[in-house]
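1. quick one, structure for this:
(chains A and B)
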Amino acid sequence: MATVTSTGRLRTAAGAGVYLVRRLTWRTFAYAVLTAGAAIMLLPFAWMLSTSGKTLGEAMRIPPVWIPREQVMVEVAGEELPLYRVEVAGEVRQLALLERTGAQGVFVDPADPSQRYQLPLQEAKRVTRIRFRWENFVVAWNMAPFDRYFLNSLFLAVTTSLGGVITSIFAAYAFAKMNFAGKNWLFYLFIGTMMIPGQMLLVPNYITIKQIGWYNTYQALIVPWIATVFGIFLLRQFFKTIPDELWDSAQIDGCSRFRFLWQFVVPLSRPALVTLFLFRFIGSWNSFLWVLIMTRDDAMRTVPVGLFAFSREAGTDYHLLMAAATMAMAPLVLLFLVAQRQFIQGVARTGLK
Amino acid sequence: MPKKRLDPKLRRRLGENVEAYLYLLPVLLILGMFTVFPLFRAFYISLFRWPVVGEREFIGFANYLRLMTRDRDFWEALRNTAYYVAGSVPITLLLATGVAVLLNARLRGRVIARSAFFISYITPVVAVSLVWRWIFHRFYGLLNYGLDWVTDRPPLAWWVSFSPIDWLNEPRFAIPALIIIGVWQFVGFQAIILLAGLQNIDRQYYDAAKVDGANAWHVVRHITVPLLTPQIFFLLIISMIGAFQLFIPVFILFVGGPGPGGAARTIVFYIYETAFYEFRMGLASAASYILFAIIFVLTLIQFRFSRRWVFYGG
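-> Down below sits the predicted model:
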């Protein structure tokens, strides 16, 4: 029997079978590769989280342990003793280790301390339970003024993102909907500045910031970052899609441009504004070199710079380093989980013109 | 009132001009002060011997001459950066294309997979680099353990024997380690952009190809890839510009230093240490300008060549 599919290809029953098998193989393959890839991408985070709950000794165990555990202790006659799983006369029992004598151990029954057994230690297995050491976070938190770092980072992220959104709204509106002398010329100039690698401006900006007395101040960390050419382009594209008739009719009703911008354009552009805010927020939270150079005091540090300073102090205490790294990431990961769609759509949009 | 003498139409135009420039004022001021002015100022500074304190001395192009002819650290930085760019840019793009194609297949759970790939892009680079420093640990790191595990059993065990790599202390592994971080960090971001491009391709093209009896390879070669070239080009440009400015992972991985024997010294690291460890602002500015020139020229070249291979719709 032969059927004609919608694409016009003649397909026999055998052909359909081959097609189905091929499709199935492709899907299985796609699943396998995608799952493996996603797992590899997440592995560093899992490793970080796992290490952050370990003791230093556990962190340095080979093969690595993924889930931190601890020895179970029992109280026997007022003494804390480690619990073991041992075989006594063909029966598996949980006994506490009282003392070691060479390869042998003296075990007692926690329920009945008078019962003692001499058994080879080799055959005894430690009884452990899962134990995530939350106290690592407390220790790391107290080793450096992280509360200050977080406050600084939050303050700077909010102010620079809000500032960036506001200045971009104005500039983007001018470029999208207004006519003024030198518009094209300015527009190309703005595009041009996007090609300048930010890092090459560090030295002159450092000198400028020092000269105007902003070194080691918040304004040095805010003001230069509230103008964003990327943001202007993003919003301009969005504003352009708003029909001109809206402004025409608002104008007839005697609405000023400024009011029109805030009462109509801004609410209509919420998705673009949210995207811009999120990207500025992340950019600010992650900024490192600028803060490192423009500040001197510990009290001015942000989370990334503070984390770096902490990492020098903590040295090779990787369990504490990972606890601190987890804390530094947490706000952004939470933000991402809440606003996944905005992030991903925002990025997707930047690639489509 | 003198205003009355103006033609109302002209007055409106004038008003619009004034208002537009008022709207642009904050951005113009800030960009002028912290982007345009420093661009010229960096060049000015680069013509001086400019210590932070003490006498400045005009020395013409001596800083550039020194960088180009006898500054070994700078040449090393150029080489390392070129190695990093040449490694990370194509690998990331290739992997991202693969991921995008897979994400484009309508599989269940692809929303989760998308986020899993993307999240490395938004996590703080400093924190992430610290995690990688731990992963690269010679004895207790996850990477060496994983490599050992994989090479210890068939089929790899038949051909390979693995001894732990000292990622962070052996010069020849410094840049590869940074490439691994870079690829991991940006593959998801690039995949999302490519995925958007894939989803933007009109289904009609595929249907037409089917009617014409094209096989899968032909479809990829003559439909998917050409229609994806705008995204590929965009990513090529921005990832190259980004890769040339690598700094934070170097700084964190090698604890504020340039890596074993300077093997991880990138151009931006060179600029940083010259300006803020050695306080030679003039020399650092000259290096900035060379970095700018390199990026500028390479971007121009790519735009030139793009006409041959980038396809912006019919």
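2. can you count the residues close to the residue nearest to residue B:124 when sequence neighbours are not counted?
-> Spatial nearest neighbour of residue B:124, excluding adjacent residues (CB to CB, 6 or more residues apart in numbering or on different chains): residue A:286 at 4.9 Å. Glycine gets a C-beta too; all of them are placed from N, C-alpha and C. Using other CB atoms under 10 Å in any protein chain shown, the number of residues around residue A:286 comes to 22.
3. go on, residue A:93?
-> Every residue meeting other CB under 10 Å relative to residue A:93 is counted, giving 14.
4. okay, and residue A:50 sits in which element?
-> Residue A:50 is part of helix A:13-52, with elements assigned from DSSP states H and E.
5. so for that helix, mean pLDDT?
-> Average pLDDT, helix A:13-52: 88.
6. now stretch A:319-335
-> 95.
7. from residue A:278, how far out is residue A:304?
-> 18 Å (CB to CB, to the nearest Å).
8. looking at those two, which is more packed in?
-> Taking other CB under 10 Å, residue A:304 and residue A:278 do not tie; residue A:304 has more neighbours (25 against 20).
9. not counting sequence-adjacent ones, nearest residue to the more buried one?
-> In space, and not counting its chain neighbours, residue A:304 is closest to residue B:126: 3.9 Å by CB to CB, 6+ apart.
10. who are the contact partners of that neighbour?
-> With contacts defined as CB atoms under 8 Å, 6 or more residues apart in numbering or on different chains, residue B:126 is in contact with A:286, A:288, A:304, A:305, A:307, A:308, A:328, B:248, B:252.
11. among those, which one lies nearest to residue B:111?
-> Among the contacts of residue B:126, residue A:286 lies closest to residue B:111 (CB to CB), at 24.7 Å.
12. where exactly do the strands run in the chain?
-> Going with chain A. A:2-4, A:10-12, A:69-71, A:73-76, A:79-88, A:91-101, A:104-109, A:112-120, A:125-126, A:128-130 (DSSP state E).
13. actually it's chain B I care about, not the one you picked
-> Using DSSP E, strands in chain B cover B:48-49, B:57-58.
14. quick check: mean pLDDT across the first one?
-> Okay, so that is strand B:48-49. 94.
15. is chain A within reach of that strand?
-> No: counting by CB under 8 Å from any CB of the partner chain, no contacts exist between strand B:48-49 and chain A, the nearest distance being 11.3 Å.
16. okay, domains of the chain per the record?
-> This is for chain A. Using automatic domain parsing, the domains assigned to chain A come out as A:10-51, A:69-130, A:137-351.
17. please go with chain B instead
-> B:1-46, B:65-309.
18. nearest to residue A:107, of these?
-> Proximity to residue A:107 (CB to CB) singles out domain B:65-309 among the domains of chain B, at 32.6 Å.
19. that closest one: end-to-end distance?
-> Distance between the two ends of domain B:65-309: 37 Å, counting by CA to CA, to the nearest Å.
20. ok, back up a step: quickly check: the helix holding residue A:50 near chain B or not.
-> Yes: Helix A:13-52 lies within reach of chain B by CB under 8 Å from any CB, at A:26-27, A:30-31, A:33-35, A:37-38, A:41-45, A:47-48, A:51.
21. drop anything exposed from the residues you listed.
-> By neighbour count, with 16 or more other CB atoms under 10 Å in any protein chain shown, the residues of helix A:13-52 next to chain B hold A:30, A:31, A:34, A:37, A:38, A:41, A:44, A:45, A:47, A:48, A:51 as buried.
22. what's near enough to touch the fifth one?
-> By that I understand residue A:38. Applying CB under 8 Å, 6+ apart, one finds that residue A:38 lies in contact with B:112, B:113, B:116, B:117.
23. tell me how far the first one lies from chain A.
-> Here residue B:112 is placed at a distance of 8 Å from chain A (CB to the nearest CB, to the nearest Å).
24. give me the nearest residue to residue A:201, chain neighbours excluded.
-> Excluding the flanking residues, the one nearest residue A:201 by CB to CB, 6+ apart is residue B:38, at 4.3 Å.
25. and the stretch 101-250 of chain A, which residues reach chain B?
-> Proximity of the stretch 101-250 of chain A to chain B, by CB under 8 Å from any CB, involves residues A:167-168, A:170-171, A:173-174, A:178-181, A:183, A:186, A:190, A:193, A:195-208, A:223-224, A:226-227, A:229, A:232.
26. and the nearest residue to residue A:180 once chain neighbours are set aside, what does it touch?
-> With CB to CB, 6+ apart as the criterion, residue A:180 has its nearest non-adjacent residue at 3.8 Å, and that residue is residue B:20. Residues near residue B:20 by CB under 8 Å, 6+ apart: A:174, A:178, A:179, A:180, A:183.
27. pLDDT for the contacts of residue A:38 - can I get that in CSV?
-> As requested, those are exported to CSV (pLDDT from 0 to 100):
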residue, pLDDT
B:112, 90
B:113, 91
B:116, 94
B:117, 95
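28. now neighbour count too, for the residues you listed, in TSV please.
-> Output for the contacts of residue A:38, formatted as TSV (neighbours: other CB atoms under 10 Å in any protein chain shown):
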residue	neighbour count
B:112	12
B:113	23
B:116	20
B:117	29
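29. show me where pLDDT drops low in the chain?
-> As the question left the chain open, I've gone with chain A. By pLDDT under 70, the weakly predicted segments of chain A are A:1-14, A:351-353.
30. please go with chain B instead
-> B:1-5, B:313-314.
31. looking at it, which helix is longest?
-> If you go by DSSP state H, chain B has its longest helix at helix B:72-104.
32. just give me the neighbour total for the closest residue in space to residue B:296 that isn't next to it in sequence.
-> Excluding the flanking residues, the one nearest residue B:296 by CB to CB, 6+ apart is residue A:195, at 6.8 Å. Neighbour count of residue A:195, defined by other CB under 10 Å: 13.
33. go ahead and confirm residue A:195 touches residue B:300.
-> No: contact between residue A:195 and residue B:300 fails when scored by CB atoms under 8 Å: they sit 9.7 Å apart.
34. pull up the overlap in contacts between these two.
-> By CB under 8 Å, 6+ apart, no residue touches both residue A:195 and residue B:300.
35. not counting sequence-adjacent ones, nearest residue to residue B:45?
-> Closest to residue B:45 by CB to CB, 6+ apart is residue B:285, at 4.2 Å.
36. what sits against that neighbour?
-> For residue B:285, the contact set (CB under 8 Å, 6+ apart) comprises A:203, A:204, B:42, B:43, B:45, B:46, B:50, B:63, B:275.
37. in chain B, which residue is most central in space?
-> Nearest to the mean C-alpha position of chain B, by CA atoms, centre = their mean, lies residue B:242 at 1.9 Å.
38. for residue A:241, see how far away that one is.
-> Distance from residue B:242 to residue A:241, by CB to CB: 29 Å.
39. report the buried residues of stretch B:157-166.
-> Under the neighbour-count criterion of 16+ other CB under 10 Å, stretch B:157-166 has residue B:165 buried.
40. and what of stretch A:156-166?
-> For stretch A:156-166, the neighbour count (16+ other CB under 10 Å) marks A:156, A:157, A:159, A:160, A:161, A:163, A:164, A:165 as buried.
41. how close does the nearest residue to residue B:289 once chain neighbours are set aside get to residue B:39?
-> Residue nearest to residue B:289 in three dimensions, not counting chain neighbours: residue B:46, with 5.6 Å by CB to CB, 6+ apart. Between residue B:46 and residue B:39 the distance, using CB to CB, works out to 11 Å.
42. I'd like to know how far residue A:299 sits from chain B.
-> 19 Å.
43. from what I can see residue B:193 touches residue A:346, true?
-> No: contact criterion CB under 8 Å: residue B:193 and residue A:346 do not qualify, at 10.8 Å.
44. these two: who's more crowded?
-> More neighbours surround residue B:193 than the other of residue B:193 and residue A:346, with 24 against 19 (other CB under 10 Å).
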